[in-house]
Every structure is written in C-alpha cells, then in structure tokens.
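Enquirer: below are the sequence and a predicted model; questions follow.
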Amino acid sequence: MSLTQSRLASSVNDSKMMTPILTIFFLQWSIVFGSCLPRIAECSLAVHSAQGGQGGFRVREPNLHVPDLYADNIDFVATLASLPGSKNKQSYWELSYQLFFVPEEKYYETIHRLPKGGSNPTAEDFAGRILLAEGHERRKSLETLKERTITLTGVRFKPKVPDAQRTKFAYVMTSYSVKIFDAELNTTIYNSGIFLAEPYEASPDDQKQDIARKTFYLSLGVNSNGTLNRSQARPRSRDTGSE
C-alpha cells in the first residue's frame, strides 16, 4: 500500500470513529436551538452546564460512578424576575413543575432517538426518569421579588437514585408549564418546556473542582413587548432590580 493510500485509509477509519460523537453533538445542539412553537406554547430545552457549571463540551466517560457529587437533599427555586405589571393587582402567575432524575443511559438513549433537524422533547420522552418532586402554585400578589419567588426545600435526591445510577453524566430535569397575565400589557403568556442540568456544579472556590449541586433554578422574566425570557440560571441582581 502506498503512503497516500495508507493516509486515506487512516482518514476513513478516523471518520468512522468520529461519526457517533458528531451525531450526538449535532443532536444536542439541534435540541437547544431547534425551532419552537409560537409564543402561545413555547418550549425550551437546555443541556450541559445550564446553571453555571464548568461549561463547554466535555469528554464523556460512560458510567463514571460519582456518588459524592449527589446531594442528599436539593432545593428548587422558581422566580418571576421581572414583570411590567407587577404592581397591578389584576396580574397573576401560575406555575406547574416537576423535578426528575434522568439516568445517564436513558438520557443518551433519548438523544439517539430524537429526530434530526430540531426537536422539542417533553419529559415523557425520557423513559426511566425518576420523579423527585412536583407542584402547582398560583400567585396573585406579585409586587415584590419575594412574592414572585416559589421555593421548595429539602427535596430528597440521593436516596431516591439507585447507587449504580449515580454517575457523572446523568441529569436532573425541570419540566414546567407557566401562565402569566400581565395586566399592564394586557397580555397572557403561556410557556412550557424542560431544562436539564448536571447533578453537580463547579466549586465557587475552585472552578476545576466539582461539588454536589444543592439548588436548581427556574428563572422567568416578562419583557416590555410581552415576550418571555427563561433560563435555569440563578437570577442576577440586574435582572431583579433592587427589590
């Protein structure tokens, strides 16, 4: 075999090895940036370091057992960070939510099944998910940030996850459905979707060190044009003002 033929064969083999990796890469990005339904029923899905973890893409080591990165109990904090009509007594906010644990194996099985070219999966698409908590609240008094914050504390986490499934590349899923009426804008906003985050995060003291994540956030904000911002990042001071 000539040198050119040898290089070509090596290139083909490398390409075959990269195909599964690239397939997962593009599937995940198609989920994040895929087309959503109109505003009446918008959807969102975020994956990988969605709450300020180390960020970027990581090399996956399948089934890496990391039980120390699973908190015994976790908190869930949902915040309506901004609302133009917050002082109007006719405004209200209604939220339904569920927290699930998604085992690593089941997460990647779902990723492989999703259609290419953009997708808006729901919690039901992730077989094998474990329900951690669920709830429904309606808030009519929204003038202060405290009144626009829903907090659930002491959710049992690690004890509900089988030891073999406490791996580094599993996820905690937030599934939500929200209805917001802003009386000042005279607009009703509907939104539903899911977010995914790792069960751990980077230590604030050492970004190269992972620690168990103890709080999962859902942050929403209504803009002056009636559109909705949503993320699972902790609300920043400039998002919430001085309330």
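Expert: Cool, got the structure.
Enquirer: need the helices for this structure, in chain order.
Expert: Using DSSP state H, the helices of the chain run over residues 3-33, 104-113, 237-240.
Enquirer: now do the buried residues in the second one.
Expert: Neighbour counts using 16 or more other Cβ atoms under 10 Å place 104, 105, 106, 107, 108, 110, 111 of helix 104-113 among the buried residues. C-beta here means a position set from N, CA and C on the backbone, and glycine is covered the same way.
Enquirer: before we move on, back to that, rank the helices of the chain by pLDDT, which is bottom?
Expert: Ranked by mean pLDDT, the helices of the chain bottom out at helix 3-33, with a mean of 41.
Enquirer: and the residue nearest in space to the middle of the chain, how far from residue 113?
Expert: By Cα atoms, centre = their mean, the chain has its centre lying nearest to residue 195, at 2.2 Å. Plainly put, residue 195 is 19 Å away from residue 113 if you go by Cβ to Cβ, to the nearest Å.
Enquirer: nearest to residue 94 among the buried residues of helix 104-113?
Expert: Using Cβ to Cβ, residue 110 comes nearest to residue 94 of the buried residues of helix 104-113, at 28.3 Å.
Enquirer: what's near enough to touch the closest one?
Expert: Residues near residue 110 by Cβ atoms under 8 Å, 6 or more residues apart in numbering: 121, 125, 126, 127.
Enquirer: mind running it again at 6 Å?
Expert: Neighbouring residues of residue 110 by Cβ atoms under 6 Å, 6 or more residues apart in numbering: 125, 126.
Enquirer: the strands in this protein, which residues?
Expert: In the chain, the segments counted as strands under DSSP state E are 73-82, 92-102, 130-139, 149-156, 171-182, 187-197, 200-202, 210-212, 215-222, 228-231.
Enquirer: Throw those into CSV and include distance to residue 117, thanks.
Expert: Shown next, in CSV, are these (distance: least, Cβ to Cβ, whole Å):
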stretch, distance to residue 117
strand 73-82, 31
strand 92-102, 23
strand 130-139, 30
strand 149-156, 35
strand 171-182, 23
strand 187-197, 18
strand 200-202, 31
strand 210-212, 33
strand 215-222, 27
strand 228-231, 23
